[in-house]
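Undergrad: coordinates for the following, if possible.
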Amino acid sequence: MFCRNCGKQIADQAVFCVSCGCAPLAGQNHCHHCGEPSQPGAAVCIKCGVGFAKPVPPDAKSKLVAGLLGILVGGLGVHRFYLGYIGIGIAQIAVTLVTCGLGGIWGLIEGILILVGNMNTDAQGRPLKE
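TA: I've put the predicted structure just below:
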């Protein structure tokens, strides 16, 4: 395996690259399979054809937690607060109160959408972890 940041060869079990100190899959400058330079943001390596997966940050929010919060207490916008969408969370509370609880369907639907993968980022645009 090769470091995505500096392109140096590293062990498959490596937690960080000894050459540059980055996590092995954190960079975007080289292919992790063949070590060849790649364009930042590229989906596949031009030389070997291996796809590049976007790394999930260690502090990423859980998709399961967000989905279950949406299904169970979505009318109160708890799942939106969890994901960092404060304004929409407040709006969900208001809609639920104005509609005497009928607005809870909004949160239920969003909880299902989160679990099936149609809503898969938090307020900062980071992907949710599985």
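
Undergrad: for this protein, which segments count as strands?
TA: For the chain, no strands are identified by DSSP state E.

Undergrad: can you show me the helices along it?
TA: Ranges of helices in the chain, per DSSP state H, are 63-73, 78-83, 86-98, 104-116.

Undergrad: list the helices and strands the last one packs on?
TA: Helices and strands touching helix 104-116, by 3 or more C-beta pairs under 8 Å, 6 or more residues apart in numbering; DSSP states H and E, are helix 63-73, helix 78-83, helix 86-98. Every C-beta, even on glycine, is put in place using the N, C-alpha and C of the backbone.

Undergrad: 6 Å - rerun?
TA: Judged by 3 or more C-beta pairs under 6 Å, 6 or more residues apart in numbering; DSSP states H and E, helix 104-116 is in contact with helix 63-73.

Undergrad: hey, which of the helices of the chain is tucked in deepest?
TA: helix 78-83 (a mean of 22; mean count of other C-beta atoms under 10 Å).

Undergrad: in PDB, could you pull the C-alpha coordinates for it?
TA: The C-alpha trace of helix 78-83 is given here as PDB (Å, rounded to 0.1, in the frame of the first residue of the first chain):
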ATOM      1  CA  VAL A  78     -33.800  16.100  17.800                       C
ATOM      2  CA  HIS A  79     -32.100  14.400  14.800                       C
ATOM      3  CA  ARG A  80     -31.500  17.800  13.200                       C
ATOM      4  CA  PHE A  81     -30.000  19.200  16.300                       C
ATOM      5  CA  TYR A  82     -27.800  16.100  16.500                       C
ATOM      6  CA  LEU A  83     -26.600  16.700  12.900                       C
END
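
Undergrad: can you list contacts of it?
TA: Residues outside helix 78-83 that contact it (C-beta atoms under 6 Å, 6 or more residues apart in numbering): 61, 66, 69-70, 88-89, 122-123.

Undergrad: with stretch 113-120 instead?
TA: 66-67, 70, 127-128.

Undergrad: and those residues, which two are the farthest apart?
TA: Using C-beta to C-beta, the contacts of stretch 113-120 span at most 17.1 Å, a distance reached by 70 and 127.
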